[in-house]
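Trainee: Structure here, sequence nowhere to be found:
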């Protein structure tokens, strides 16, 4: 089992990624907010049917806990795709209080701007956190099975290499809490889509029947990242399963779609250096 890269915050309302020095990253729990059933307590999703006023209050409470400004926070639309966009201070506040002003048609964001916070929403899908050796660039990607099949993690690596001059060997990735293999049963449609992008001979699933498989979505992303040039030594994978730990996490599958969303976040604490 991997060493758990996320540690529970003293408030018990979020987990933080500890090794970072010039950046900060984390993942919320479902605890500490004011939403009511079935979204109790800390739902951060505006799109799930919860009272928008409660969601906004939860987001403001999270900002207070993290001592950051929501005016310097950016959210993407999250369409279960593979597109990624760079954002800067002009994007601050997008998606914070309304769905229609989020960065459209993307599931990944990155920035080289200090004190600009990238956030995305989860209830079983895989959060991918990216940073480089100097912690002068950070990114976040939402990888459900569709985004994984579109290799959204590999796309982040490609863009950083080609557009930002950050080589794959200088990129570090944390793979956050998501649904675990034992709880994630999928059909042949999902496996067929993944076979098109995964390295041959490496199958992060176990077949249960002719059309049923248990899929390790975290490992699928790790394999794709490794194929994109990320060293295994530069990857950390959370052991936490959102499905199994109902006390701490929402789960779309466990709760039959009627549930809230956790928030993943990452941001730079200092300005970018000139090194890649």
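Mentor: Structure received. Computed from a predicted model, the values in this text were never measured in an experiment.

Trainee: which stretches of the stretch 151-276 of the chain aren't confidently modelled?
Mentor: The stretch 151-276 of the chain contains residues with pLDDT under 70 at 270-276.

Trainee: what are the ranges of the helices in it?
Mentor: Counting by DSSP state H, counting those that start in this stretch, residue ranges of the helices within the stretch 151-276 of the chain are 152-164, 188-195, 217-227.

Trainee: closest to residue 37 out of these?
Mentor: Closest to residue 37 of the helices of the stretch 151-276 of the chain is helix 217-227 (CB to CB; 27.4 Å). (C-beta placed from N, C-alpha, C; glycine too.)

Trainee: now the closest one against helix 188-195, angle please.
Mentor: Using axes from the mean of the first three to the mean of the last three CA atoms, to 10 degrees, the inter-axis angle of helix 217-227 relative to helix 188-195 is 20 degrees.

Trainee: Next, the angle helix 152-164 makes with helix 217-227.
Mentor: 30 degrees.

Trainee: How far does helix 217-227 sit from its chain's centre?
Mentor: Relative to the centre of its chain, helix 217-227 is centred 14 Å away, using CA atoms, centre = their mean, to the nearest Å.

Trainee: repeat for stretch 188-203
Mentor: Shown here is stretch 188-203, whose average C-alpha point lies 21 Å from the average C-alpha point of the whole chain (CA atoms, centre = their mean).

Trainee: repeat for stretch 159-170
Mentor: Here stretch 159-170 shows a centroid-to-chain-centroid distance of 20 Å under the convention CA atoms, centre = their mean.

Trainee: list the buried ones in that stretch?
Mentor: When neighbours are counted by 16 or more other CB atoms under 10 Å, the buried residues of stretch 159-170 are found to be 159-161, 164, 166, 168, 170.
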